[in-house]
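Q: Fold the following, please.
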Amino acid sequence: MESLYLLIPLSVVLVFVIGVVFWWSVRSGQFDDLEGPGYRVVIDDDDPPDADGKNKAPRKEP
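A: Coordinates of the predicted model:
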């Protein structure tokens, strides 16, 4: 019974912390694009990036 005096407030604080972390992740855009990063991994992009970090126009194959 005495352990409940510690466990109940601890669980309430833990739920509050998890809620704050979830709220922060939603507000910062963590769940905006769920499929894009997975597709970017498998895109075949052999062109070296420009000086500004963006890729050049695609090369035309002969």
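
Q: Can you list the low-confidence ranges for the protein?
A: Residues of the chain meeting the criterion pLDDT under 70: 45-62.

Q: if you set the cut-off to 50 instead, what comes out?
A: Confidence mapping of the chain against pLDDT under 50 gives zero matching residues.

Q: Helices of that one, start to end?
A: Ranges of helices in the chain, per DSSP state H, are 4-27, 36-42.

Q: Pull the distance from the shortest one to the chain's centre.
A: Put simply, helix 36-42 sits 13 Å off its chain's centre (C-alpha atoms, centre = their mean, to the nearest Å).

Q: In CSV, could you pull the C-alpha coordinates for it?
A: Output in CSV follows, covering the C-alpha atoms of helix 36-42 (Å, rounded to 0.1, in the frame of the first residue of the first chain):
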residue,chain,number,x,y,z
GLY,A,36,9.6,10.7,-48.2
PRO,A,37,12.8,9.8,-46.3
GLY,A,38,12.3,6.1,-47.2
TYR,A,39,12.0,6.9,-50.9
ARG,A,40,15.0,9.3,-50.8
VAL,A,41,17.2,6.4,-49.6
VAL,A,42,16.5,4.3,-52.7
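
Q: count of residues packed around Phe16?
A: The tally of other residues near Phe16 (other C-beta atoms under 10 Å) stands at 10. (C-beta placed from N, C-alpha, C; glycine too.)

Q: nope, Leu10 is what I was after
A: Leu10 has 10 neighbours, counted by other C-beta under 10 Å.
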